[in-house]
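1. dropping a prediction and its sequence here:
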Amino acid sequence: MKIRLCILVAAMAVALPVTAAEATAKEETKVGKYEKGGKYEKCVLVELNALSVMRSRQNGTPMSKLVEISSKTEKSISDISPSLVEQAYAIPQFDTDEARNKSAKEFANKAYLACVEQIDSTSKK
């Protein structure tokens, strides 16, 4: 699964739009506060997208609905987004808000880390 996530994140790091509807005001501020214009700016967007997908999954949004939404994203990532949705749905839906939030944060953190590692390995070449 780590390899799939790395491949997905590498492709998403190229161009990943995050709409205001997908991110809370606090998370949008995070993009402005951290990494704006920096080496890992795109990784913050990957993290926010992963967080949004997992929150939707944990809140019971049907997988087909998220796949449909993700297929309508920008052309450069429309074939990648469904893979992120598939990975989110491979993780169980939890019963408590605490567990759901933890799952979403962990998923987003793993996506961010994979993106950072991909950028670092690419910049070393």
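-> It's in. Numbers count the residues shown, from 1 in each chain.

2. can you tell me the SS state at residue 47?
-> The assignment at residue 47 comes out as helix when based on DSSP: H, G, I helix; E, B strand; the rest coil.

3. ok, now how distant is it from residue 62?
-> For residue 47, the distance to residue 62 equals 24 Å [C-beta to C-beta, to the nearest Å]. Every residue, glycine included, has its C-beta placed from N, CA and C.

4. with neighbour numbers in mind, choose between the two.
-> The residue with more neighbours, out of residue 47 and residue 62, is residue 47; 29 against 11, by other C-beta atoms under 10 Å.

5. quick check: mean pLDDT of stretch 82-94?
-> Here stretch 82-94 scores 90 as its mean pLDDT.

6. only C-alpha atoms, please: export that stretch in CSV.
-> Output in CSV follows, covering the C-alpha atoms of stretch 82-94 (Å, rounded to 0.1, in the frame of the first residue of the first chain):
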residue,chain,number,x,y,z
PRO,A,82,-10.2,7.7,-7.6
SER,A,83,-7.1,5.8,-6.5
LEU,A,84,-7.0,8.0,-3.3
VAL,A,85,-10.6,7.3,-2.8
GLU,A,86,-10.0,3.6,-3.1
GLN,A,87,-7.2,3.7,-0.5
ALA,A,88,-9.4,5.6,1.9
TYR,A,89,-12.2,3.0,1.6
ALA,A,90,-9.7,0.2,2.3
ILE,A,91,-9.6,1.6,5.8
PRO,A,92,-12.6,0.8,8.0
GLN,A,93,-15.2,3.3,9.0
PHE,A,94,-15.1,4.0,12.7
